[in-house]
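[1] give me a model of this one.
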Amino acid sequence: VAGAADSAKLGTAAPFSVIALAACVLVWLLIWRTKLGYEIRAFGKSETAARYAGISPVRITVIAMLISGGLAGMMAINNVMGEAERLLLNSVEGAGFIGIAVALMGRNHPLGVFLASSKRGELIDLGVKAGVVEKSGAWYSFADQRIGQGRENAKEFLKANPDILDDIRERIKAIQALTDERLQAWIAAGHYADLILQPAIKGPVMVHHIPRFLRQRRSAGEAKVALLVFDGLAFDQWVRIREHLIANQQPLAFDESTAFAWLPTVTSVSRQALFSGLRPREFDDSIDHTNKEEALWKAFWQNEGGIASSEVMYQRALHQIEQLDALEADIASRKPKVLGLVIDEVDERLHKERSKEDVALWIGRWLGSGFVERLFYFLLSEGFSIYVTADHGNVDAVGVGRPNQGVIAETRGERVRVYRSDPLRAESAMAYPGTVALDIAGLPANFKPLFAGGRTAFVPNGDQVVVHGGVSVEELVVPFVRVSDVNGAG
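    Numbering: from 1, shown residues only. Okay, here's the model as predicted:
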């Protein structure tokens, strides 16, 4: 273990973004500029035709697996030595499904894959992931200029040099726009629908898989499970929570993966799917509100988990540390085997701010109250296995005006409008040519979403807002994290 830790520390200096870009270039050269690459592409297009042309399927399969296995191994090394800087249990679990999604969003082109995979974190973190900002050890650099040793120093440098900050922002926006475009094309091609029926044996692929995954964990020996849904929490905001806990030397371990939210990324659709284990068309009667959420949560565990309703607990609207006294007393008294909690501080706050940067500052102040630490440690002390997730994320957006027709699917989901007929949706789409009409498998037949295009929202023209409901990586891909005590609890 000591040796692994030393290796992890040494590995932080490795320029992983450069290695990744180099790998993309080499793969491009191999696939599109060599005989072997031609054979691989031919075999992928048609095995029968490739055999007829004299291409050995065994040889091509083995070579492709060796190359992909080597690249996957480099990804795992990056996770342990470059990103986490420590060895994490199952640190790459779920990466396969995300890798498939990223490849599709990048249209199976190495450069597209590189750009599509660069969508995470706040500005500096986004810059590092995108290769816009380079991180070598503790140093951050941009355009061959060192901008700070350590994240906080880098932030101070950018504050003092707004021209460099603007340059980084523009480059990241270009990557975001490309990623959003690829994601929408991937969904329109029907690939999002392929995720709906994926098995949840190794981890949930979509949020409605989570209850079944937790049921499997109970069958595997985790007698008490607690699902903490941070309403509206984007992955970069989860990173802020995690880093706060690490910075305060909390002895917690995080087994991190991701899951896809439901489209449209609004609470009444995605969170109900999360707690019920159902596709939205299966709760058509409550798709525009969350009043049945507790009943759906308990029904799942009664019907599929064999647990009495009295042993299943649900509570929402948690956000202040003052609420924890009553919650802890209730849990200690009722002794539930399954617990579902909704922490809504982030979702409540983001609708009051004008930028994700402001939301991040507020989250930092909220974390200072000790709410998260106290909740985690109480649940661990009660023997719960803790799983943290979100129903959707959020993005910065600019208003383009409010369409007259339709209703907002969920009061604050201002990146989508839902119509009950195709003609009404088409009429609104013509009035707002930048919008995107997508038919999403799993939604009720008369539930027709119209999404705001790009990073825009259906709010007064020109307004700067933080919202959700649309089609972007930040809104659609949410954290799914198992939290445990490094000493063995949970």
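[2] ok, Gly305 touching Arg218?
    Yes: between Gly305 and Arg218 there is a contact at 6.9 Å, judged by Cβ atoms under 8 Å. Backbone N, C-alpha and C define where each C-beta goes, glycine included.
[3] overlap in contacts of these two?
    Val338 (Cβ atoms under 8 Å, 6 or more residues apart in numbering).
[4] the more surrounded of those two?
    Gly305 (21 against 18; other Cβ atoms under 10 Å).
[5] secondary structure element for the nearest residue to that one once chain neighbours are set aside?
    Once flanking residues are discounted, Gly305 sits nearest to Arg215: 5.0 Å by Cβ to Cβ, 6 or more residues apart in numbering. Here Arg215 sits within helix 210-219, counting by DSSP states H and E.
[6] for that helix, name the packing helices and strands.
    When contacts are defined as 3 or more Cβ pairs under 8 Å, 6 or more residues apart in numbering; DSSP states H and E, helix 210-219 packs onto strand 225-230, helix 267-276, helix 293-305, strand 385-389.
[7] got the angle for the last one vs helix 267-276?
    In other words, strand 385-389. Strand 385-389 runs at 160 degrees relative to helix 267-276, counting by axes from the mean of the first three to the mean of the last three Cα atoms, to 10 degrees.
[8] what residues does strand 385-389 touch?
    207, 210, 214, 217, 222, 224-230, 238, 259, 274, 376, 379-380, 478-484, 490.
[9] which of the helices and strands packed on helix 210-219 is buried the deepest?
    Each of those was scored by mean neighbour count; the highest is helix 267-276, a mean of 27, by mean count of other Cβ atoms under 10 Å.
[10] host element of Leu158?
    Secondary structure (DSSP H and E) places Leu158 in helix 151-160.
[11] any idea which of the helices and strands packed on helix 210-219 gets closest to Ile321?
    strand 225-230 (14.9 Å; Cβ to Cβ).
[12] dump whichever helix or strand comes after that closest one to CSV, restricted to CA.
    Counting by DSSP H and E, the next helix or strand C-terminal to strand 225-230 is helix 235-247. What follows is helix 235-247, C-alpha atoms only, in CSV (Å, rounded to 0.1, in the frame of the first residue of the first chain):
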residue,chain,number,x,y,z
PHE,A,235,-21.1,16.5,-10.9
ASP,A,236,-18.8,19.5,-10.5
GLN,A,237,-20.8,20.5,-7.4
TRP,A,238,-20.4,17.0,-6.0
VAL,A,239,-16.6,17.4,-6.5
ARG,A,240,-16.8,20.5,-4.4
ILE,A,241,-18.6,18.6,-1.6
ARG,A,242,-16.0,15.8,-1.8
GLU,A,243,-13.0,18.1,-1.8
HIS,A,244,-14.5,20.0,1.2
LEU,A,245,-14.7,16.7,3.2
ILE,A,246,-11.2,15.7,2.2
ALA,A,247,-9.8,19.2,3.0
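[13] which elements pack onto helix 235-247?
    helix 123-130, strand 225-230, strand 252-260, helix 356-367, helix 371-381, strand 477-485.
[14] swap in 6 Å and give it another go.
    Helices and strands touching helix 235-247, by 3 or more Cβ pairs under 6 Å, 6 or more residues apart in numbering; DSSP states H and E: there are none.
[15] in that helix, what's buried?
    Neighbour-count burial for helix 235-247 flags Phe235, Asp236, Gln237, Trp238, Val239, Arg240, Ile241, Arg242, His244, Leu245 (criterion: 16 or more other Cβ atoms under 10 Å).
[16] against Ser136, how distant is Phe458?
    43 Å (Cβ to Cβ, to the nearest Å).
[17] please apply the same query to Asp231.
    Relative to Ser136, Asp231 is positioned 37 Å away (Cβ to Cβ).
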